[in-house]
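[1] Just need the structure, nothing else, for what follows:
(chains A and B)
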Amino acid sequence: RKEVEQDPGPFNVPEGATVAFNCTYSNSASQSFFWYRQDCRKEPKLLMSVYSSGNEDGRFTAQLNRASQYISLLIRDSKLSDSATYLCVVNKRGGFKTIFGAGTRLFVKA
Amino acid sequence: EAQVTQNPRYLITVTGKKLTVTCSQNMNHEYMSWYRQDPGLGLRQIYYSMNVEVTDKGDVPEGYKVSRKEKRNFPLILESPSPNQTSLYFCASSPTLGAGNNEKLFFGSGTQLSVL
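    All right, here's what the predicted structure looks like:
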C-alpha cells in the first residue's frame, strides 16, 4: 500500500463547478500536510498548507482529519486555469522525508 | 530573485556514460533534495541533505550519488546510467524540514533525462 494515496482521476468538470479531491495517508506519525499544484511537465508549486482546523484561501479549502488520516481539497467556482495535477504531500514527524501522492488530474472545460 | 536552478533542462545520453545534474539555490536553505517523477508513481525521493556534508538516502537511491560540499549546491551524479533511470528529475530546497509550517519546498524547473 502506498503511504499517500490519491484518486488519479482525471476529473473533468465545467467552469464554475465545485470539485473535491481526497487523499489518505498511512503513517500516523505524519506531521505536516500540503497540497501542491503541478502543471504538465513543470515543477510542483505549493498551493496551500493543511491545518487541523481547516483553512481557506480564496476559492480553495483544505481540511485534515487526523483520526481518519484523510486530507481533502475543495475548489469552488472552477476556472480554466485550475486545470492541473494536484499533489497531496505529507511530511513525517521529526523526519526529513517528504512523501508525495501520485496526483489527481483536473480538467476544467469551458 | 530567489530560486532553485537546475541544469541541464534536457539531457539525452547513452548507457554507462557518467553524468551530473547540477542544482543550486540562492536562498541559504539548509535542506535540499532530489526527486524523480515517473507516470503513475508521482515524485519519489532519491537523496536528501539536511546541511553541508550531511546527506541521506531517500526511497530510491540505487544508481545515484550526491554531494553537499557547499550549502548552495547539491549535484546529482549518475556514475553508470541505465535506461530505467530515464525520468523527469526535480531538485528542491527548503529553509528546514521537520520544523512545522516552515517546510515549503522550492523546486527547480526539472531535468528530463533519457538514457538510451
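[2] and the residue nearest the centre of chain B, what does it touch?
    Nearest residue to the geometric centre of chain B (CA atoms, centre = their mean): B:Trp34, 2.5 Å. Residues in contact with B:Trp34 (CB atoms under 8 Å, 6 or more residues apart in numbering or on different chains) are B:23, B:45-48, B:58, B:64, B:66, B:74, B:76, B:89-92. Yep, even glycine has a C-beta here, placed from its N, CA and C like the rest.
[3] quick one: low-confidence parts of chain B?
    Chain B contains residues with pLDDT under 70 at B:97-102.
[4] Go again with 90.
    Chain B contains residues with pLDDT under 90 at B:1-2, B:39-42, B:50, B:59, B:94-105.
[5] Tell me where it has strands.
    Remark: strands assigned in chain B by DSSP state E are B:4-7, B:10-13, B:19-25, B:31-38, B:42-51, B:54-57, B:65-66, B:76-78, B:87-94, B:106-107, B:111-115.
[6] for chain A, same thing?
    Assigned by DSSP E, chain A shows strands spanning A:4-6, A:11-14, A:19-25, A:30-38, A:45-50, A:55-57, A:60-65, A:70-75, A:84-92, A:98-100, A:104-109.
[7] The second one pairs with which strands, parallel or anti?
    I take that to be strand A:11-14. strand A:104-109 (parallel) (DSSP bridges).
[8] circling back: between the strands of chain A, which one is nearest to B:Arg9?
    Closest to B:Arg9 of those, according to CB to CB: strand A:30-38, at 16.5 Å.
[9] Report all helices and strands that that closest one contacts.
    Packing partners of strand A:30-38 (3 or more CB pairs under 8 Å, 6 or more residues apart in numbering or on different chains; DSSP states H and E): strand A:45-50, strand A:60-65, strand A:70-75, strand A:84-92.
[10] Let's see that with 6 Å instead.
    Applying 3 or more CB pairs under 6 Å, 6 or more residues apart in numbering or on different chains; DSSP states H and E, one finds that strand A:30-38 contacts strand A:45-50, strand A:84-92.
[11] Would you check that A:Thr24 makes contact with A:Glu5?
    Yes: taking contacts as CB atoms under 6 Å, A:Thr24 lies within contact range of A:Glu5: 5.1 Å.
[12] In terms of neighbours, single out the busier of those two.
    Ranked by neighbour count (other CB atoms under 10 Å in any protein chain shown), A:Thr24 and A:Glu5 place A:Thr24 first, with 18 against 15.
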